[in-house]
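**Student:** Model the following, please.
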Amino acid sequence: MDSHDTITCNLITEDIFFADTDDDVYNEGEDVENLDRYDDTARRRSSLLDGGARRRSSALEAKGFPTIADPNTDGVDDKYELQRAAVPRVFGFPISIPFIISNEFCERFSYYGMRTILTIYFTKKLLMADETATLWFHEFMGLCYATPLLGAIIADVFIGKFRTIFIMSLVYVLGNAVMALSAIGKWSIFQASSSLDTETGYYNYMPEVWGPLLALHLIALGTGGIKPCVSSFGGDQFKASEGIQLRRFFSMFYFSINAGSVLATALTPELRGMKCMGEETCYPLAFGVPAIFMVLATIAFLIASKWYVKIPPLGNPIIDVAKVTWTTFFGKDSPQKLYGEKKVGETKQIYRILAVFIPFPFFWALFDQQSSRWVIQADRMNGNVGSFEIKPDQMQVINPAFVMCLIPFFEIVVYPLMKKIGLPTSPAFRMVMGMFVAALAFIVCAFVELAMEQRVNAWNSAHVNDQRDLSSMDKENQLHVLAMIPQIFLITCAEILCSITVLEFAYAYTPPSMKSVCQSMMLLTSSFGNLVVVIFTEVTKRDLHQYIMWAGIQIFASCLMFYICRKVQAPLEEYKRTNLEGQEGEEVEMTQENRKSSKAYED
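**Tutor:** Next up, the predicted model:
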């Protein structure tokens, strides 16, 4: 989620590093020139990523991860070039790069390992009601996507990326440690009560709720604080002439994210299912392993400290947008007079794009329930496959697996087929369709829930003296957990059509100096989406009704998206035609040159 340049670490970037040119370029005494410094540097950038790489970047951004960005090509004036050149190389990469990639792998393992088992921990260990568990899970997720804005401003304006990553990593480690310590049973300082299960002979130690909740808030601050900084900090390490190596670094970076998340999602449910410390489950180990990985992530990051290129904070364009907006509504002078026509025009364009973002909180409200309500649904289903049991929280691993398979399938098969039969493939059409598909996923989910309820009703009709509900029904008599695959497939298709496409849409219409502002606002839509879940969770207690409600909300969001796109498309296109087309031409030309360089390098 970040870029940076003269704006070191703005969220979800577009430019990894720009030349830090002489001070007189930016200090000519005029506020307008100071505000336009981002544009001056942005025009000098080179787009080295081809279409496929940009789509991988969008997939990464849509997941809320640090993303691919473009390098500076004006390296002659970059005062950090000599420092970069002096760093030892390993297989053509700066020696610090393996440590940054290791840091990202371990951090993603830690985050997803903890998050995967969180809903089951709330319901099974802390004995929360399903609605309460959903509320706290999405409150945590909302904070995880709100705090990157704070992390970016801290890094850009105050202490720089290196110190931000280090300090927030310590907060992250502390949060993981509290989470693991709160689960260690009778030795825990957070223990609230204990009871002996006479049937199994195991104790059940329940911690005080405030211990895990304190841990989650620390983790949210830590992961959000470092999220906007790590990828662009890695980009800072490359010389301007190392475009090919930079692209390969981001490929490895992206792979490390997916590898860490998939491995953790598959592993930690198995760890929690083990028996340890006198209990039938082993949450201390399940939370302890992610905590250890976060310690390893921090150590890996610090080991290479002496080789890092550390660019100081240089400002954040989000603040500039705030200044123009404030002056427009409350200032005595016109914003054009204070900041220039160009900056005011860019700010207006940003608000047009933000209008397109308005329906997205509803999309994220549905999407993120894969890790809450859908886990609760899976927990009531039969997970036995021969001698192996699929744990309910392990179903979350299917989505990233589908993503990796379906992205190329959509590019090679679906979109060309749509063109062939005459369907539009514009970003607006894809986003609207993606939202409808998300609604369809919850309709399918509702049918699965209905089938489960019918099985319970059939049991109760046949066993008058042994009445059951969804929670107490024997899993062997319920639907198999693999019945959830269609709804997971549909929500993944919606993710590709909708959340990935919106980032391509924003990239196409956003002024170069404002891309970080636009992408940071996109991250906030995910935070607001989780807030929407918190608000609507208590509307109805019956899961079937909730799934139908969410499908209806998403259909409304789809119609709203269609209406907004119809309204803003013309002014968006007009601004792009008059202000961005020339810059895009330069990008295409530079991309072609980079491809030639890449071919020559590979030969």
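
**Student:** Strands of the stretch 251-400 of the chain, residue ranges please.
**Tutor:** 384-385, 388-389 (DSSP state E, counting those that start in this stretch).

**Student:** Quick one: these as TSV, columns for distance to residue 451 too.
**Tutor:** Heads up, the C-betas are built off the backbone N, CA and C, glycines and all. Listed next are the strands of the stretch 251-400 of the chain as TSV, based on distance: least, C-beta to C-beta, whole Å:
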stretch	distance to residue 451
strand 384-385	18
strand 388-389	21
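
**Student:** Just send the ones you listed back as CSV, with distance to residue 161, mean pLDDT and mean neighbour count too.
**Tutor:** Below are these laid out as CSV (distance: least, C-beta to C-beta, whole Å; pLDDT from 0 to 100; neighbours: other C-beta atoms under 10 Å):
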stretch, distance to residue 161, mean pLDDT, mean neighbour count
strand 384-385, 45, 90, 12
strand 388-389, 44, 89, 12
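
**Student:** separation between the closest residue to residue 558 other than its chain neighbours and residue 356?
**Tutor:** In this structure, residue 558 finds its nearest non-sequential neighbour in residue 435, 3.9 Å apart by C-beta to C-beta, 6 or more residues apart in numbering. As judged by C-beta to C-beta, to the nearest Å, residue 435 and residue 356 stand 12 Å apart.

**Student:** Spit out the residues that contact those two alike.
**Tutor:** Shared contacts of residue 435 and residue 356 (C-beta atoms under 8 Å, 6 or more residues apart in numbering): residue 561.

**Student:** Compare those two (neighbour count), which wins?
**Tutor:** Ranked by neighbour count (other C-beta atoms under 10 Å), residue 435 and residue 356 place residue 435 first, with 28 against 23.

**Student:** ok so that one is a helix residue?
**Tutor:** Yes: according to DSSP: H, G, I helix; E, B strand; the rest coil, residue 435 belongs to a helix.

**Student:** shouldn't it be in contact with residue 498?
**Tutor:** Yes: judged on C-beta atoms under 8 Å, residue 435 makes contact with residue 498 at a distance of 5.7 Å.

**Student:** ok so, going back, okay, the residue nearest to residue 558: pLDDT?
**Tutor:** With respect to pLDDT, residue 435 scores 96.

**Student:** about what we covered before: point out the one among the strands of the stretch 251-400 of the chain that comes closest to residue 326.
**Tutor:** strand 388-389 (57.2 Å; C-beta to C-beta).

**Student:** how near is residue 444 to residue 251?
**Tutor:** Taken as C-beta to C-beta, the span from residue 444 to residue 251 is 34 Å.

**Student:** Low-confidence ranges, the protein, go.
**Tutor:** Scanning the chain for pLDDT under 70 picks out the ranges 1-78, 187-203, 516, 519, 581-603.

**Student:** Which helix or which strand is home to residue 468?
**Tutor:** For residue 468, there is no enclosing helix or strand under DSSP states H and E.

**Student:** Likewise for residue 440?
**Tutor:** Judged by DSSP H and E, residue 440 forms part of helix 427-462.

**Student:** any common contacting residues for residue 435 and residue 498?
**Tutor:** Residues touching both residue 435 and residue 498 by C-beta under 8 Å, 6+ apart: residue 363.

**Student:** how about residue 389, what does it touch?
**Tutor:** Neighbour list for residue 389: residue 383 [criterion: C-beta under 8 Å, 6+ apart].

**Student:** Distance of it relative to residue 380?
**Tutor:** 14 Å.

**Student:** any chance you could map the helices in the stretch 401-550 of the chain?
**Tutor:** According to DSSP state H, counting those that start in this stretch, the stretch 401-550 of the chain carries its helices in the segments 415-420, 427-462, 485-494, 501-509, 515-536, 543-575.

**Student:** Out of those helices, which is closest to residue 93?
**Tutor:** helix 515-536 (25.2 Å).

**Student:** Give me the angle between that closest one and helix 543-575.
**Tutor:** 160 degrees (axes from the mean of the first three to the mean of the last three C-alpha atoms, to 10 degrees).

**Student:** before we move on, back to that, turn the helices of the stretch 401-550 of the chain into CSV, including distance to residue 309.
**Tutor:** Below are these laid out as CSV (distance: least, C-beta to C-beta, whole Å):
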stretch, distance to residue 309
helix 415-420, 39
helix 427-462, 36
helix 485-494, 38
helix 501-509, 26
helix 515-536, 20
helix 543-575, 35
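
**Student:** So which of those helices is nearest residue 342?
**Tutor:** helix 543-575 (11.4 Å).
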